[in-house]
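[1] Let's see this in three dimensions:
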Amino acid sequence: MPPFKRSIEEAGASSSPPLETEANDSNSFNRGSGSNSVASSITNAASVRPQAVQYPNPGYLGSSSHTTLFDQLRRDRSPQATESIAEPEKAPSPQPEYINDTSIASGASLILELYHLSKIPSFIQLYQSWSATGTNLALAGPFIDACASTVESVMSSCDGTLPRATTISRNLFACSSRPITVNMDTSFDEYCKSFGGENARWETLALFFTAVCRAAVDLPFAEPLYNSEQERRKFQRLTLRYSDHFLEHCLPLDYGDQSYQSWRKLGDVISSLFALGYHQQQTDSFNTVPDFLRDLRRFAFCRTYSADKNVSIFLGRPPRITRRFCRFFLPGSHLQPMQEASRRPQTWDPEQGPSFITDSRWAGLCGILKEDILGLLAQQNHDEKLRQGR
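    The predicted structure is shown next:
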């Protein structure tokens with residue numbers, strides 16, 4: 001698991017209100033019997049949903065991507081050949097697998113917890129006091145007022161009963177699963193309406209609680225929410241925890257043609273390797289470990305480096321590991337010692353047969369060449385591109 005990736009805690013039932021429970025206490029979110037009861041109440045009404053088809057790698061696809069290649073092949077065909085090819089029927093949008101009884105139950109449990117907390121008006125007042133100072137979130141600041149009014153509307157529609165919380169949760173999932181459509185004529189207010197009011201999404205709640213958490217950083221006292229430094233830090237952890245759970249609800253909704261799980265997971269691996277320092281293999285901390293462990297770490301970085309280049313070329317996106325900021329070694333063996341990663345010179349022992357070590361070594365070498373080729377593609381000066389390519 002990546003060292004800085006927050007996992008979703010599986011929490012049990014708790015009778016303590018959230019403000020009286022430490023944020024790191026797994027009981028601060030009632031996901032035990034409450035979630036089960038919600039699930040059982042909607043199981044009979046659930047219809048059979050079609051299997052969601054995963055289409056990875058959506059979004060921007062650059063000049064080296066597979067899509068560009070196939071589009072070029074299509075353009076190169078003669079008009080007669082193109083006309084003879086029937087266009088494939090557009091597949092219907094798959095239903096997200098994540099929107100199931102369990103996820104709806106989890107969301108309903110969260111809504112009920114916020115309802116029983118009875119602190120939403122105080123949260124809004126805290127945010128308004130903070131924004132009145134001229135401060136707000138750096139990026140989402142212009143949208144938080146709309147998010148605050150939406151949160152107030154959503155929670156005021158909850159009567160504290162399980163069926164109503166389940167309906168709210170289902171509506172939030174339904175809206176979050178729909179893309180926000182915009183065009184050149186879309187106004188700011190129209191854009192805000194796409195995720196506010198009746199179109200409330202889990203992201204809307206997450207943004208609001210992020211702003212509330214940020215407000216607590218600047219305001220040392222905010223009764224009745226907190227009136228001491230210890231209570232303030234406790235409140236910050238609580239609101240950030242709410243925001244994280246809302247975000248965890250909407251992230252898996254990127255499905256179908258909008259699924260980017262493999263791209264995201266590769267980024268998690270790369271971030272972890274950077275955090276562990278595997279990209280700087282000349283340091284004492286990297287080398288003061290047993291040889292087998294050091295070699296294993298070199299293998300891990302080398303193969304991740306290669307995968308980064310493969311995916312980057314396949315999608316036409318920038319690589320996330322740049323050799324200029326790294327110093328790593330190609331794996332070696334007793335027949336062939338390790339070498340610092342570079343395109344040349346490279347020596348190969350003819351007696352060394354195929355193995356995981358040689359495969360990792362070759363993957364690293366190919367990754368270096370691919371990075372250099374990507375650099376040539378990004379070079380705008382034609383003469384310089386020719387010079388570097390020689």
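
[2] quick one: low-confidence ranges for the stretch 151-300 of the chain?
    Residue ranges of the stretch 151-300 of the chain with pLDDT under 70: 254-259.

[3] let's see 50
    For the stretch 151-300 of the chain, the stretches with pLDDT under 50 are 256-258.

[4] ok, which stretches of it are helices?
    Remark: helices assigned in the stretch 151-300 of the chain by DSSP state H, counting those that start in this stretch are 162-176, 188-193, 202-218, 229-250, 261-276, 284-287, 291-315.

[5] which one of those helices lies closest to Leu330?
    Among the helices of the stretch 151-300 of the chain, the nearest to Leu330 by Cβ to Cβ is helix 291-315 (6.5 Å). Using the backbone N, CA and C atoms, a C-beta is placed for each residue, glycine as well.

[6] Quick check: which of the helices of the stretch 151-300 of the chain has the most neighbours on average?
    helix 202-218 (a mean of 23; mean count of other Cβ atoms under 10 Å).

[7] the inter-axis angle of that helix versus helix 162-176?
    Helix 202-218 and helix 162-176 are oriented at 100 degrees to each other (axes from the mean of the first three to the mean of the last three Cα atoms, to 10 degrees).

[8] picking that back up, reformat the helices of the stretch 151-300 of the chain as a markdown table; add distance to Leu330.
    Below are the helices of the stretch 151-300 of the chain laid out as a markdown table (distance: least, Cβ to Cβ, whole Å):
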| stretch | distance to Leu330 |
| --- | --- |
| helix 162-176 | 45 |
| helix 188-193 | 50 |
| helix 202-218 | 43 |
| helix 229-250 | 39 |
| helix 261-276 | 16 |
| helix 284-287 | 15 |
| helix 291-315 | 6 |
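
[9] how close does the closest residue to Gln388 other than its chain neighbours get to Phe246?
    Closest residue in space to Gln388, ignoring its immediate chain neighbours: Leu376 at 5.9 Å, by Cβ to Cβ, 6 or more residues apart in numbering. Leu376 sits 44 Å away from Phe246 when distances are taken as Cβ to Cβ, to the nearest Å.

[10] Check Phe325 too.
    Phe325 is 35 Å from Phe246, by Cβ to Cβ.

[11] So which residues of the protein form strands?
    For the chain, the strands defined by DSSP state E occupy 329-330, 339-340.

[12] Which elements pack onto the first one?
    Put plainly, it is strand 329-330. helix 291-315, strand 339-340, helix 356-378 (3 or more Cβ pairs under 8 Å, 6 or more residues apart in numbering; DSSP states H and E).

[13] Got the confidence number for the residue sitting furthest away from the middle of the chain?
    Distance from the centre of the chain peaks at Glu351, with 45.1 Å (Cα atoms, centre = their mean). Predicted confidence (pLDDT) for Glu351: 71.

[14] Could you check how far it is from Pro331?
    For Glu351 relative to Pro331 (Cβ to Cβ), the value is 17 Å.

[15] thinking again about what came up before, right, so of the helices of the stretch 151-300 of the chain, which gets closest to Cys147?
    For Cys147, the closest of the helices of the stretch 151-300 of the chain is helix 202-218, at 4.2 Å, according to Cβ to Cβ.

[16] May I ask you to confirm that Ser63 is in contact with Arg317?
    No - assessed by Cβ atoms under 8 Å, Ser63 is found out of contact with Arg317, at 10.5 Å.

[17] between those two, who's got more neighbours?
    Shown here are Ser63 and Arg317; by other Cβ atoms under 10 Å, Arg317 has more neighbours (18 against 9).

[18] Residue nearest the middle of the chain, spatially speaking?
    Arg264 (5.9 Å).

[19] And for Pro252, the neighbour number?
    So Pro252, with other Cβ under 10 Å, has 16 neighbours.

[20] Surely Pro331 and Cys302 touch.
    Yes - with contact defined as Cβ under 8 Å, Pro331 and Cys302 form a contacting pair (6.0 Å).

[21] shared neighbours of those two, anything?
    Overlap between the contact sets of Pro331 and Cys302, as judged by Cβ atoms under 8 Å, 6 or more residues apart in numbering, is given by 360-361, 364.

[22] looking at those residues, which has the most residues close by?
    Arg361 (26 neighbours).

[23] Tell me the spacing between it and Ile368.
    From Arg361 to Ile368 the distance is 11 Å (Cβ to Cβ).

[24] now swap in Ser228 and tell me
    The gap separating Ser228 from Ile368 is 56 Å, by Cβ to Cβ.

[25] Likewise for Ile313?
    Counting by Cβ to Cβ - Ile313 and Ile368 are separated by 13 Å.

[26] And for Ala206?
    Taken as Cβ to Cβ, the span from Ala206 to Ile368 is 40 Å.

[27] Same check on Ser272?
    Distance from Ser272 to Ile368, by Cβ to Cβ: 22 Å.

[28] same thing with Tyr305?
    Here Tyr305 is placed at a distance of 8 Å from Ile368 (Cβ to Cβ).

[29] which neighbours do these two share?
    Arg323.

[30] what comes into contact with stretch 139-151?
    120, 123-124, 127-128, 131, 136-137, 188, 192, 195-197, 200, 204-205, 207-208, 210-211.

[31] same question for stretch 330-339, mean pLDDT?
    Per-residue scores along stretch 330-339 average to 60.

[32] thinking again about what came up before, pLDDT at the residue nearest to Gln388, what is it?
    If you check Leu376, the pLDDT there is 83.

[33] All good on my end, thank you.
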